[in-house]
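Trainee: Give the three-dimensional model of this entry:
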Amino acid sequence: MKERKIYLDNYDLDQAIEKYLEDIKEQIQLEVIEIPAADSLHYITAEAIYAKLSSPHYNASAMDGIAIKANLSNDANESNPVVLKKNEYQYVDTGDVITKEYDAVVMIEDIVVKDDESVVLTKPVAFFENVRAIGEDISQMQMIVPSYHQIRAEDINAILASKNDKIKVFKKLKVGIIPTGSEIVSVATKELEAGMIIDSNSSMLKALVLEKNLAVKVYDITKDDYNLLKQVILDATNECDVVLINAGSSAGSEDYTAMIIEELGKISVHGIAIKPGKPAILGSINQAMVIGLPGYPVATYIVFKQVFLPIIDRLYHQSVDYEIVEATLSKTIYSSLKHIEFVRVKLGYVNEQFIATPLARGAGISMSLAEADGLIVIEKESEGYQKNSTVKVVLLKAKEQLKERLTVIGSHDLILDIVQDVINETNKDHAISSSHVGSYSGLLALKNHECDLAPIHILAADGKYNEAIVKEIFKEEKMALIKGVKRRQVLAYPKNNPKNIRGINDLTRSDIRYVNRQPGSGTAILLDYLLKEKNIALQKINGYDFIMPSHFNVGATIKNETADCGLLIKSVADVLELDYIEVMAEEYDFLIYQKDLDKLKIKTFIEILRSQNFKDKLAVFDCYETLESGQVIKIG
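Mentor: The predicted structure follows:
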């Protein structure tokens, strides 16, 4: 085995692609094949396709009616009808041949049948009126599609109509995907031990390859064994045109990808100035492109989209025009000067403008891909963007679809997921875009017109929920609370209560570590209320500053015994099989400007909250009260 290479390059993205294409231009050749035109969808043409036959290839009737000589109808009008005898016309249907004796067609509704031997015309027809002339659609030798054109369904229609039954196209490149890592296991693995990671990247890559209309083969997971991996890569390069090796592209002690490519072939680039995705490798073995992808899901995705796809498009002479919109940034983004960074964002459309909210930026955050509506590209040598600045967003979803969505920023609860599920069931177009930042941050987002509504559950000093904070922040504005649910908050701890926790007073014990929510969240405010009620100082709580961003994160932290207890909603405690003490029922509502109550997407939202279908779905979780769901309380 060769000595481990630890040095990574730092090529600019465009420079890396250009260098790689130059290095492989003699080695990688696209194969031309001939296939039936009827089966050519999404293939790239290897040569221009010309019409072998005009369409129509004869003069054809465009209507049902009679074929005549147009000049016979010149004088026809209501007061001077023209009578045509049987030998002066011929009945035709749409598509019938118009023989040389005739040069026009009178529509069937414009003739009056006098008898079996004659018809009456009351208005004239022009020369070749209602006749499709030879070549009206396609003329023989006309180019149907040029070379390097990706064939669409409508192209197939024209290709076949021009009598091209077989065409020459480039064979689809076959892409092999090799998942690697001793810690990687199949999703079907029954018992997941600590340290095991489910292989989700392979299926994502397979789907991305198929979306690109390339052929694909996924190899079995290969453990971190140099010789074993070397043989799998060698086999794949003999079977495939492109080999994507997932993980092992960095410089860790078991990252063998670079060494194997270097031993079997050539590395053009190892290290690109992008984030995430810097350790990407561009190389070749035999006649195959070999690309090393980082193992984190987001890095894998970014390298595929921003590095691999442009390489493929250049080989096929394709250009991709991504739809870009301008959006107002809802929070500041800081970035390094060393690389281009691709930041995933959620988009909302509020007051006729897009609002971009950055998602979690870690390269391992799979949900940031699933939830992303677009990407903000922060160029190299830029420190990022300030809150409220205008940014360009590369869309990952259709713009018009995004405009119709209900933008929700604030506290999260699974009832938002239930609402979306009901929307999908009822064939309505008003999807929900939700960002989970806590109740107080949601109020500020609504105040700044960054969302349509804000879910909140903020407890006031008098023990009542939501109205007091609304009156404090929106003093001069007319607001409305759409009642959501009453949900049960619990103090949760591991099964069988190993620390014998009996209530809030136990949080002051030195052997108890608490896990909290972020300041401004409804749950953190509830804790402060309970501590004040019992005259307990915040400083006495071990873990008061140990913060998790969601109820589920709090529950998981307790489940794995990193913390001993925490406040969360009962539904999460039930799912994670935690024990708990019930604390109180809190009111989880939605704040909105009164002026927006008449918007269709808001009406749909309220209608669903009031529906029995919604209430039945929530009843499964046994922790919600829905008697007031969908009621509207106006404030101000």
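Trainee: what mean pLDDT does the helix or strand encompassing E18 have?
Mentor: Per DSSP states H and E: E18 is located in helix 13-24. For helix 13-24, the mean pLDDT works out to 95.
Trainee: how far is it from where the chain is centred?
Mentor: Mean-position distance between helix 13-24 and its chain equals 28 Å (C-alpha atoms, centre = their mean, to the nearest Å).
Trainee: Within its sheet, name the partner strands of the following helix or strand past that helix and how each one runs.
Mentor: Remark: after helix 13-24, the chain's next helix or strand is strand 32-36, criterion DSSP H and E. Counting by DSSP bridges, the strands paired with strand 32-36 are strand 166-170 (antiparallel).
Trainee: Name the residues of the strand it pairs with that are buried.
Mentor: By 16 or more other C-beta atoms under 10 Å, the buried positions in strand 166-170 come out as 167-170. In short, each C-beta sits where N, CA and C put it, glycine included.
Trainee: which secondary structure elements does the helix holding E18 contact?
Mentor: strand 266-270, strand 281-285, helix 309-315 (3 or more C-beta pairs under 8 Å, 6 or more residues apart in numbering; DSSP states H and E).
Trainee: one step back: could I get the buried residues of strand 166-170 as JSON lines with distance to I633 and pLDDT?
Mentor: Listed next are the buried residues of strand 166-170 as JSON lines, based on distance: C-beta to C-beta, whole Å; pLDDT from 0 to 100:
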{"residue": "I167", "distance to I633": "66", "pLDDT": "97"}
{"residue": "K168", "distance to I633": "69", "pLDDT": "96"}
{"residue": "V169", "distance to I633": "63", "pLDDT": "97"}
{"residue": "F170", "distance to I633": "63", "pLDDT": "96"}
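Trainee: In contact with H449, which residues?
Mentor: Residues in contact with H449 (C-beta atoms under 8 Å, 6 or more residues apart in numbering) are 350-351.
Trainee: What mean pLDDT does stretch 218-227 get?
Mentor: Averaged over stretch 218-227, pLDDT sits at 94.
Trainee: Name the residues that touch that stretch?
Mentor: Residues contacting stretch 218-227 (C-beta under 8 Å, 6+ apart): 1, 176-182, 184-186, 199, 202-203, 205-206, 228-229, 232, 236, 248, 254, 256, 259-260.
Trainee: mind running it again at 7 Å?
Mentor: Residues outside stretch 218-227 that contact it (C-beta atoms under 7 Å, 6 or more residues apart in numbering): 1, 176-182, 184, 186, 199, 202, 206, 228-229, 232, 236, 254, 256.
Trainee: Pull out the buried members of the residues you listed.
Mentor: For these, buried by 16+ other C-beta under 10 Å: 176-181, 184, 199, 202, 206, 229, 232, 236, 254, 256.
Trainee: what's the farthest-apart pair in the residues you listed?
Mentor: Greatest spatial distance among the buried ones among the contacts of stretch 218-227 (C-beta to C-beta): K206 and E254, at 24.2 Å.
Trainee: Including mean pLDDT, mean neighbour count and distance to V393, could the helices and strands packed on helix 13-24 go into CSV?
Mentor: Formatted as CSV, these follow (pLDDT from 0 to 100; neighbours: other C-beta atoms under 10 Å; distance: least, C-beta to C-beta, whole Å):
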stretch, mean pLDDT, mean neighbour count, distance to V393
strand 266-270, 94, 20, 28
strand 281-285, 96, 25, 28
helix 309-315, 94, 17, 19
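Trainee: returning to what we had before: just the buried ones among the contacts of stretch 218-227: which are in strands?
Mentor: Among the buried ones among the contacts of stretch 218-227, the members found in strands (DSSP state E) are 176-179, 184.
Trainee: Looking at the buried ones among the contacts of stretch 218-227, which one is closest to N466?
Mentor: D199 (44.5 Å).
Trainee: can you tell me the average pLDDT over the host helix or strand of A327?
Mentor: Here A327 sits within strand 324-329, counting by DSSP H and E. Averaged over strand 324-329, pLDDT sits at 93.
Trainee: How about G636, nearest residue that isn't a chain neighbour?
Mentor: Spatial nearest neighbour of G636, excluding adjacent residues (C-beta to C-beta, 6 or more residues apart in numbering): K478 at 4.6 Å.
Trainee: wait, what's in contact with L609?
Mentor: Taking C-beta under 7 Å, 6+ apart, we find L609 in contact with 482, 484, 629-630.
Trainee: Need the pLDDT of G135.
Mentor: With respect to pLDDT, G135 scores 86.
Trainee: Make sure it is indeed in a helix.
Mentor: No: using DSSP: H, G, I helix; E, B strand; the rest coil, the assignment for G135 is coil, not a helix.
Trainee: Excluding chain neighbours, what is closest to it?
Mentor: Excluding the flanking residues, the one nearest G135 by C-beta to C-beta, 6+ apart is S54, at 3.9 Å.
Trainee: next one: Q489
Mentor: Nearest residue to Q489, sequence neighbours excluded (C-beta to C-beta, 6+ apart): V583, at 4.8 Å.
Trainee: Quickly list what M548 is bridged to.
Mentor: Applying DSSP bridges to M548 gives these bridge partners: R517.
Trainee: Apologies, that question was intended for I44.
Mentor: Bridge pairing for I44 - DSSP bridges - gives Q150, F170.
Trainee: so it makes contact with V145?
Mentor: No: contact status for I44 versus V145: not in contact, 10.3 Å apart, counting by C-beta atoms under 7 Å.
Trainee: Can you tell me how far C623 is from A461?
Mentor: Distance, C623 to A461, by C-beta to C-beta, to the nearest Å: 26 Å.
Trainee: Which one's more surrounded, these two?
Mentor: The residue with more neighbours, out of C623 and A461, is C623; 22 against 9, by other C-beta atoms under 10 Å.
Trainee: so that one makes contact with V490?
Mentor: No: the pair C623 / V490 is not scored as a contact, 8.7 Å apart, by C-beta under 7 Å.
Trainee: Now do the shared contacts for these two.
Mentor: Common neighbours of C623 and V490, counting by C-beta under 7 Å, 6+ apart, are K570.
Trainee: Kindly indicate whether I602 is helix, strand or coil.
Mentor: Of the three states, I602 takes helix under three-state DSSP.
Trainee: ok, residues contacting stretch 495-513?
Mentor: Applying C-beta under 7 Å, 6+ apart, the contact partners of stretch 495-513 are 491, 493, 514, 530, 534, 536, 540-543, 563-565, 577-579, 581.
Trainee: Repeat the analysis, applying 8 Å as the threshold.
Mentor: So stretch 495-513 is contacted by 491, 493, 514, 530-531, 534, 536, 540-543, 546, 563-565, 577-579, 581, 583 (C-beta under 8 Å, 6+ apart).
Trainee: in that stretch, what counts as buried?
Mentor: In stretch 495-513, counting by 16+ other C-beta under 10 Å, buried: 501, 504, 506-508, 512-513.
Trainee: ditto for stretch 558-565
Mentor: Within stretch 558-565, the residues that count as buried by 16+ other C-beta under 10 Å are 558-559, 563-565.
Trainee: tell me how far it is from the chain's mean position?
Mentor: Distance of stretch 558-565 from its chain centroid, counting by C-alpha atoms, centre = their mean, is 34 Å.
Trainee: And that stretch, end to end?
Mentor: Terminal residues of stretch 558-565 lie 6 Å apart, using C-alpha to C-alpha, to the nearest Å.
Trainee: Stretch 569-584 now?
Mentor: First-to-last residue span, stretch 569-584, C-alpha to C-alpha: 10 Å.
Trainee: same question, stretch 541-558
Mentor: Stretch 541-558: ends 16 Å apart by C-alpha to C-alpha.
Trainee: what residues does it touch?
Mentor: By C-beta under 8 Å, 6+ apart, stretch 541-558 touches 412, 436, 492-494, 507-508, 510, 512-519, 523, 531, 538, 563-569, 572-573, 575-576, 578.
Trainee: Report the rounded mean pLDDT for that stretch.
Mentor: Mean pLDDT, stretch 541-558: 91.
Trainee: How far does it sit from its chain's centre?
Mentor: Using C-alpha atoms, centre = their mean, the offset of stretch 541-558 from its chain centre is 30 Å.
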